[in-house]
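Engineer: curious how this folds, go ahead:
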Amino acid sequence: MDPGASAAPQPAAGWEPARWTTSEVRTEVVPVHGHRLSYRIGGTSGPVLLLLHGLLGSGASFGPALDELARTHRVVAPDLLGHGASEKPTGDYSLGSLATLVRDLLVLLGLESATVVGHSLGGGVAMQLAYQFPAAVERLVLVASGGLGRTVSPALRAVALPGAEWVLPALFNSHSARAANRLLKTVQRLTPPALTQVAEGLASLADAEARAAFLLTARAVLDVGGQRVSATDRLYLAAGLPLLLVWGDRDPVIPVAHARALHDQLPGSRLVVFERSGHFPQVDQPGRFAAVVADFVATTTAPADRDAVWAAALRAGSTRSAQLTFGAADSTTS
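Structural biologist: Numbering: from 1, shown residues only. Purely as a prediction, here's the structure:
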């Protein structure tokens, strides 16, 4: 071996890959760059599904659908940093940073790649992961995903307003959390599961660290005009990647029009719209959601060399852009 060459990285003492011993979903914790990262894992065999939750969510945001998918797949559903039971450090909560975190988790679990399912903010992270680390993404499932258009609910736009960091503690604190928990327990049997998800997410804002992480994450992707991060100019890079879009036709947070526009842009994609469903189709109709995802995985094939496919698409797109740009310039000067 060349003494000047760097040795291949070795696993740290005590490191071991993911254990696929039971279909029952369990929660485990792994340190990533010194920060505690909680994740749900389950399944004994089958394709790997990596499920990424949305803002104020956690791995639990996939509800019973996660347990259903674990019967026939290997599932991993992390609580992204700043969310759920994971640590909430002050730092970088951009899509790029979160995508890198997810890639690092895959490495720590001994996984080279997965079919990535992203809900809301998690959809933006999933697309960023496919952009930064194409070899890690076998298929892409976007569920009521962010990053596909400017429109978003007014409540989320308000988070970007100056002074939100002072308003939130007044609205969400230990007193309001206790009152909300009492109310939720009283009406839980009558409350739609998706509304329970929202209530639990809002209740987490009573914690100062969770509140700070929420603001950092939200402001990384939102401003007062709506979503400020868009993947639409680079989605041509995903043309060779199997893509499934799942949306609720009554989504009050991110309109289904975003999904329809992307489906038109990428004719090879699949679009499934859940009738009478809102922003959490995976919670509103968990059985149907699990069946749709399972069918998509079973009937599609991931590109063999995704890095090469991505690079070829980038070169082709760059060539087309150059022809349009310089062609227009030439026509004005001739």
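
Engineer: what sits against the nearest residue to residue 133 once chain neighbours are set aside?
Structural biologist: Nearest non-adjacent residue to residue 133, counting by C-beta to C-beta, 6 or more residues apart in numbering: residue 103, 4.9 Å away. Placement of C-beta: from N, CA and C, glycine included. Each residue near residue 103 by C-beta atoms under 8 Å, 6 or more residues apart in numbering is listed here: 129, 132, 133, 136.

Engineer: buried ones in the host helix or strand of residue 103?
Structural biologist: In this structure, residue 103 is located in helix 95-108 according to DSSP states H and E. Judged by neighbour count using 16 or more other C-beta atoms under 10 Å, the buried positions of helix 95-108 are 95, 97, 98, 99, 100, 101, 102, 103, 105, 106, 108.

Engineer: residue closest to the middle of the protein?
Structural biologist: residue 122 (1.5 Å; C-alpha atoms, centre = their mean).

Engineer: am I right that it is in contact with residue 53?
Structural biologist: Yes - in this structure, residue 122 is within contact of residue 53 by C-beta atoms under 8 Å, at 5.1 Å.

Engineer: what do these two both touch?
Structural biologist: Common neighbours of residue 122 and residue 53 (C-beta under 8 Å, 6+ apart) are residue 80.

Engineer: relative to the whole chain's centre, how far out is the helix or strand where residue 272 lies?
Structural biologist: Residue 272 belongs to strand 270-274 when assigned by DSSP H and E. Distance of strand 270-274 from the chain centroid (C-alpha atoms, centre = their mean, to the nearest Å) equals 18 Å.

Engineer: and that strand, which strands flank it?
Structural biologist: Here strand 270-274 has these sheet partners by DSSP bridges: strand 243-248 (parallel).

Engineer: sketch out the helices for the stretch 51-200 of the chain, chain order is fine.
Structural biologist: 63-70, 95-108, 121-132, 154-158, 164-171, 174-187, 193-203 (DSSP state H, counting those that start in this stretch).

Engineer: ok, now the stretch 201-334 of the chain?
Structural biologist: Remark: helices assigned in the stretch 201-334 of the chain by DSSP H, counting those that start in this stretch are 208-221, 257-265, 281-284, 286-298, 306-333.

Engineer: hey, C-alpha coordinates of the shortest one in PDB?
Structural biologist: Same thing as helix 281-284. Taking Å, rounded to 0.1, in the frame of the first residue of the first chain, the C-alpha atoms of helix 281-284 are listed here in PDB:
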ATOM      1  CA  PRO A 281     -52.600  11.600   3.800                       C
ATOM      2  CA  GLN A 282     -50.400   9.000   5.400                       C
ATOM      3  CA  VAL A 283     -52.300   9.500   8.700                       C
ATOM      4  CA  ASP A 284     -55.700  10.100   7.200                       C
END
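
Engineer: quick check: mean pLDDT across it?
Structural biologist: What helix 281-284 shows for mean pLDDT is 95.

Engineer: same check on stretch 25-38?
Structural biologist: So the average pLDDT for stretch 25-38 ends up being 96.

Engineer: in that stretch, what's buried?
Structural biologist: 25, 30, 32, 37, 38.

Engineer: between those residues, which is closest to residue 44?
Structural biologist: Comparing the buried residues of stretch 25-38 against residue 44 with C-beta to C-beta places residue 25 closest, at 11.8 Å.

Engineer: before we move on, which element is that closest one in?
Structural biologist: strand 22-32.

Engineer: beyond that strand, next helix or strand please.
Structural biologist: strand 35-43.

Engineer: mind listing what that next one pairs with, with the direction of each?
Structural biologist: Paired with strand 35-43 in the same sheet, following DSSP bridges, are strand 22-32 (antiparallel), strand 74-78 (antiparallel).

Engineer: report the angle between the axes of the first one and helix 63-70?
Structural biologist: What it means is strand 22-32. Here the directions of strand 22-32 and helix 63-70 differ by 110 degrees (axes from the mean of the first three to the mean of the last three C-alpha atoms, to 10 degrees).
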